[in-house]
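Q: Using only what follows, build the 3D model:
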Amino acid sequence: MKKILGIALAAALALSLAACGGNNNSSGGGSSAGTPSGGSSAGTPAPSGDLITVGVINNDPNESGYRTANDAAMRAMFTEANGYKTTFYNNNDAAQQIATAQQMIQDEVDFLLLSPASTTGWDSVLQDAQAAGTQIILFDRMLEADESMYVAAVVSDMPAEGKTAVDWLAAQGLDEYNIIHIQGHMGSDAQLGRTGALDEKVNAEANWNYVTQQTADWDEATARTITQSVIDSGKPFNVIYAENNGMARGAVAALDAAGITHGKDGDVIVMGFDSDKWAMEAVLEGSWNYMGLCNPLQAETVDSIIKDLMNGTAPAQKIIYTPEQGFDAATITADDVATYGT
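A: Numbers count the residues shown, from 1 in each chain. Now for the predicted structure:
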């Protein structure tokens, strides 16, 4: 497949220089985390009789409902029935991801699909992939790297997610914002974007304060412990800004145990992120105030990019952002839950 791919990519490169040079666009079943697994399933191979070899490096599907949906969508797409021979690897440790990526490059995969646990540390992988003729497509999360080092990125605009959420919070018009900020995996694209917007606002406004700012590393139980510690301290707070829905649910469990009201008619504003249907239902019923949608379904777009490249057509855009928005208890509808919840 590499020889065929080389011819197609030579044509694609010429198109890419014209199509992407000036782009300024702004972000299932499986193996246990940390274990590579084959993703092939019974089906009809690609029409040419050659399967496109793909390595998919993703985070642990147990990390969150979002990640479960994201991993399932990738596994459902990259199968023999759709023309692929795929190896999957799930791990939240960037060093382990990087080591596995290097092995996949040595195994001469045609495409390496990356959802990096950290935005940095990938320079050697990118360089080695380019030298080997392995094309890299980012999905879900970005890297700090020159755009020439990857063929495309299908991702969420994490800074925009954070800004949308913080703008919504500012519009609530509280006299004072005393915030429990529960962060995700430090250094990940999602954490940096969602934290950055809030940090900027807290630093700019005298009446915005952090009661605490700690990472729960996407973990629900840890988020509950962080919130409980604040409750036990007696410090006043009126906002929970949790960087994913699972951590928001953990924080709410601590509020409920302490008899503290929350949501649309409560004393504490609750905010989460991702696409979990149960979280959207919590917003719909008014027990949460806000959920920032983070769309986990990038597999179809990635598949289209690969198939276009195989036919000699470069992506029209280097970075493709998945459509997203914020939902709040005052305006969310049952149709929204049915349409966007996963």
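
Q: Can you pull up the most central residue in the protein?
A: What sits nearest the mean C-alpha location of the chain, by Cα atoms, centre = their mean, is D140, with 4.1 Å.

Q: what sits against the nearest residue to A117 once chain neighbours are set aside?
A: The shortest distance from A117 to any non-neighbouring residue, by Cβ to Cβ, 6 or more residues apart in numbering, is to A94 (4.2 Å). C-beta: built from backbone N, CA, C; applies to glycine. Counting by Cβ atoms under 8 Å, 6 or more residues apart in numbering, A94 touches P116, A117, S118, G121, G187.

Q: how close does A94 get to Y150?
A: 16 Å (Cβ to Cβ, to the nearest Å).

Q: same check, this time on D128
A: 13 Å.

Q: where do the strands sit along this protein?
A: 37-38, 52-58, 84-90, 111-114, 135-140, 152-155, 177-183, 208-215, 239-242, 269-274, 290-293, 319-321, 326-328 (DSSP state E).

Q: Serialize those strands to JSON lines and add fields for mean pLDDT and distance to I105.
A: Compiled in JSON lines, these are given as follows (pLDDT from 0 to 100; distance: least, Cβ to Cβ, whole Å):
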{"stretch": "strand 37-38", "mean pLDDT": "57", "distance to I105": "18"}
{"stretch": "strand 52-58", "mean pLDDT": "97", "distance to I105": "8"}
{"stretch": "strand 84-90", "mean pLDDT": "97", "distance to I105": "12"}
{"stretch": "strand 111-114", "mean pLDDT": "98", "distance to I105": "7"}
{"stretch": "strand 135-140", "mean pLDDT": "96", "distance to I105": "9"}
{"stretch": "strand 152-155", "mean pLDDT": "95", "distance to I105": "18"}
{"stretch": "strand 177-183", "mean pLDDT": "98", "distance to I105": "32"}
{"stretch": "strand 208-215", "mean pLDDT": "98", "distance to I105": "31"}
{"stretch": "strand 239-242", "mean pLDDT": "98", "distance to I105": "36"}
{"stretch": "strand 269-274", "mean pLDDT": "97", "distance to I105": "31"}
{"stretch": "strand 290-293", "mean pLDDT": "97", "distance to I105": "34"}
{"stretch": "strand 319-321", "mean pLDDT": "93", "distance to I105": "23"}
{"stretch": "strand 326-328", "mean pLDDT": "97", "distance to I105": "38"}
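
Q: Could you export the ones you listed as TSV, including distance to L284?
A: Listed next are the strands of the chain as TSV, based on distance: least, Cβ to Cβ, whole Å:
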stretch	distance to L284
strand 37-38	37
strand 52-58	29
strand 84-90	31
strand 111-114	34
strand 135-140	26
strand 152-155	27
strand 177-183	22
strand 208-215	28
strand 239-242	18
strand 269-274	13
strand 290-293	10
strand 319-321	26
strand 326-328	8
